[in-house]
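Chemist: the following block contains a protein sequence and its predicted model.
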Amino acid sequence: MEVLLNELSVNQQYTSIEDFLDNGLNVMLPILKGFSDDVSICKSYNLYEREVTNGLTLHNILVADYSRTIDEIKRYKIFFSKFFQNPYWEDNPYQSKEVIYLHNQQNVSGTSIAEASERDQVLLSFNNGGFNNNSLEVTKEAITINVINLINNNDLEDFLRDDESILNNEIRFRRTSLFRQGKTVYQEISSNNYWYLDNLHRDHYEVFNPNREHLGTANMEGTMISNAINGRKL
């Protein structure tokens, strides 16, 4: 599963390095610890130069001089090093350069927010960075995509919660290697349709045909309850 690190959530919101440690890194640390080994944190090359506080970038604090003098950073360097290791999504972008991606009516094309909407639809944001909702709506070509946004440990616990699901029926469904909103996408054996649990509302499934075109939604018992959204794809 891929989680996109939201570089736009680093925007000088911290008043000092200490504030960043207390209300930024220490809030994010339990999330990083909670990820399993198969979670890949994708980020943008632009992340390095985002300013944590006025005049100090994320690179200054986590990699350059400060990283060797602040005990908390040295202690948890194994987790924070994920911010500066492959993969970088720009090396293999999924978002289209011909499409405008909007969030809150702002153009977020070319950012990790847009990229998350085209990948597994999971975003990781720094606290108090202006992205404080646990779901972000990204719109492209009049199609709305809900991206799960992890900010603190409570969000992670909800995200990882394993609900009872009809998708666990191995006679009817088989697992795929796909993820959406942090949930495994399953394929119905009889129809080859794709199903996944909406991880935001947790009260319905999104269903797509074998060509990955949207068919509609199904209730928790597996009965179709709404029609397709034109243009929406898995």
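Modeler: Great, that's in hand.

Chemist: for residue 101, name its beta-bridge partners.
Modeler: On the basis of DSSP bridges, residue 101 takes part in beta bridges with residue 140.

Chemist: I'd assumed residue 136 was in contact with it.
Modeler: No. When contacts are counted by Cβ atoms under 8 Å, residue 101 is not listed as touching residue 136 (11.0 Å). Quick note: C-beta positions are derived from backbone N, CA and C, even for glycine.

Chemist: list residues touching both of the two?
Modeler: Shared contacts of residue 101 and residue 136, defined by Cβ atoms under 8 Å, 6 or more residues apart in numbering, are found at residue 113.

Chemist: chain neighbours aside, what residue packs nearest to residue 62?
Modeler: Setting aside the residues directly before and after it, residue 62 is nearest to residue 80 in space (Cβ to Cβ, 6 or more residues apart in numbering), at 5.4 Å.

Chemist: ok but the one you found is inside a helix, no?
Modeler: Yes. Assigned with DSSP: H, G, I helix; E, B strand; the rest coil, residue 80 falls within a helix.

Chemist: what residues are up against it?
Modeler: 25, 32, 62, 73.

Chemist: tell me where this protein has helices.
Modeler: Using DSSP state H, the helices of the chain run over residues 17-20, 26-34, 58-62, 71-75, 77-80, 112-118, 153-160.

Chemist: give the buried residues for the last one.
Modeler: Right, helix 153-160. Residues of helix 153-160 classed as buried under the neighbour-count rule (16 or more other Cβ atoms under 10 Å) are 155, 156, 159.

Chemist: could you check how far the first one is from residue 57?
Modeler: From residue 155 over to residue 57 the distance is 26 Å, taken as Cβ to Cβ, to the nearest Å.

Chemist: next: residue 223.
Modeler: Noted for residue 223: a distance of 52 Å to residue 57, by Cβ to Cβ.

Chemist: and the closest residue to residue 115 other than its chain neighbours, how far from residue 161?
Modeler: Distances taken as Cβ to Cβ, 6+ apart place residue 89 nearest to residue 115, at 4.8 Å, with adjacent residues excluded. Here residue 89 is placed at a distance of 27 Å from residue 161 (Cβ to Cβ).

Chemist: any idea which residue is closest to the centre of this protein?
Modeler: When the chain is reduced to its mean C-alpha position, the closest residue under Cα atoms, centre = their mean turns out to be residue 122, at 1.7 Å.

Chemist: got any ranges where this structure has weak pLDDT?
Modeler: Scanning the chain for pLDDT under 70 picks out the ranges 64-69, 76-78, 162-164.
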